[in-house]
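Asker: Okay, sequence plus prediction incoming.
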Amino acid sequence: MRTIQPLLRSGLTVAAVAALPLALTAGPAAAGPGISVSTSGSTVSVTTTACSRTASTGGWGTASLLTSSQANFSQGRQVALSGTTSLQSAAWSNVSPGTYTVIVMCAYNNSTAGTQSIIVSGSATPTTSSTASASPSRGVLGGLGGATKDYGTLTLAVGGGLVAVGAAATAWFLRRRSRPYRL
């Protein structure tokens, strides 16, 4: 019995520490498929998988682009969604610089697929000069494999804390193991 209790406690601790990173990276439980909004120059596009069924009229739904002064869906620039059962999309061109909100409404059940804000910085003007060279805007990401992501301070602090807890638990375990007369 003396041996089982410490093993049970340490096993539960290991399970809790192993589950902590999964709990921290998991999104909200009620999150649906939502929408994905992107901008390229003066064009704003939205994609979604939420409107997978058409209404009796045959449409997937409607997307609306609202400026900061507009308050509801009907006031924005509306575009019908096009696509398939697995992916629907819409796009607006000649959008002037500013902050916008994109709202997508599904036609089948008249529900909101998602809402997202986006900043349009302006139209991209291609360089036609012969002296211009095509170079990456952030330089070459040598040694990083090109996969860089800016993790927040909280994420790095939690990761450092988990490493510290792991090191302390290892030291405690090895210290206790070196004394066979103690359990």
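Answerer: Looks like it came in fine. Residues are numbered from 1 along each chain as shown.

Asker: Can you list the low-confidence ranges for the chain?
Answerer: The chain contains residues with pLDDT under 70 at 1-33, 122-150, 178-183.

Asker: now with 80?
Answerer: Residues of the chain that meet the criterion pLDDT under 80 lie in 1-34, 52-58, 108-110, 122-151, 177-183.

Asker: and the longest helix seen in the chain, what other elements does it pack with?
Answerer: As assigned by DSSP state H, the longest helix anywhere in the chain is helix 153-177. Here helix 153-177 touches helix 4-25, going by 3 or more C-beta pairs under 8 Å, 6 or more residues apart in numbering; DSSP states H and E. For the C-beta atoms, the positions are set from N, CA and C on the backbone; glycine is no exception.

Asker: for the following helix or strand past the helix it packs on, which positions count as buried?
Answerer: Proceeding N to C from helix 4-25, the next assigned helix or strand is strand 35-40, under DSSP states H and E. Buried residues in strand 35-40, counted by 16 or more other C-beta atoms under 10 Å: Ile35, Val37, Thr39.

Asker: Now do the host helix or strand of Ile103 against strand 35-40, angle only.
Answerer: Counting by DSSP H and E, the element that carries Ile103 is strand 98-106. Counting by axes from the mean of the first three to the mean of the last three C-alpha atoms, to 10 degrees, strand 98-106 points 140 degrees away from the direction of strand 35-40.

Asker: Just checking: what are the partner strands of the following helix or strand past strand 98-106?
Answerer: Counting by DSSP H and E, the next helix or strand C-terminal to strand 98-106 is strand 112-120. In the sheet, strand 112-120 lines up against strand 98-106 (antiparallel) (DSSP bridges).

Asker: CA atoms only: put the partner strand into PDB for me.
Answerer: The C-alpha trace of strand 98-106 is given here as PDB (Å, rounded to 0.1, in the frame of the first residue of the first chain):
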ATOM      1  CA  GLY A  98     -10.100  51.400 -44.000                       C
ATOM      2  CA  THR A  99     -11.500  49.000 -41.400                       C
ATOM      3  CA  TYR A 100     -14.400  46.800 -42.400                       C
ATOM      4  CA  THR A 101     -16.600  44.000 -40.900                       C
ATOM      5  CA  VAL A 102     -17.600  41.000 -43.000                       C
ATOM      6  CA  ILE A 103     -20.800  39.100 -42.000                       C
ATOM      7  CA  VAL A 104     -21.900  35.900 -43.700                       C
ATOM      8  CA  MET A 105     -25.500  34.700 -43.500                       C
ATOM      9  CA  CYS A 106     -26.500  31.200 -44.700                       C
END
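
Asker: follow-up on the earlier one: which residues sit against the strand holding Ile103?
Answerer: Strand 98-106 has contacts (C-beta atoms under 8 Å, 6 or more residues apart in numbering) with 35, 37, 44, 46, 48, 50-51, 53, 60-68, 73, 76, 81, 90, 111-120.

Asker: re the thing from before, which positions within the longest helix of the chain qualify as buried?
Answerer: Using 16+ other C-beta under 10 Å as the burial criterion, the residues of helix 153-177 that qualify are Val158.
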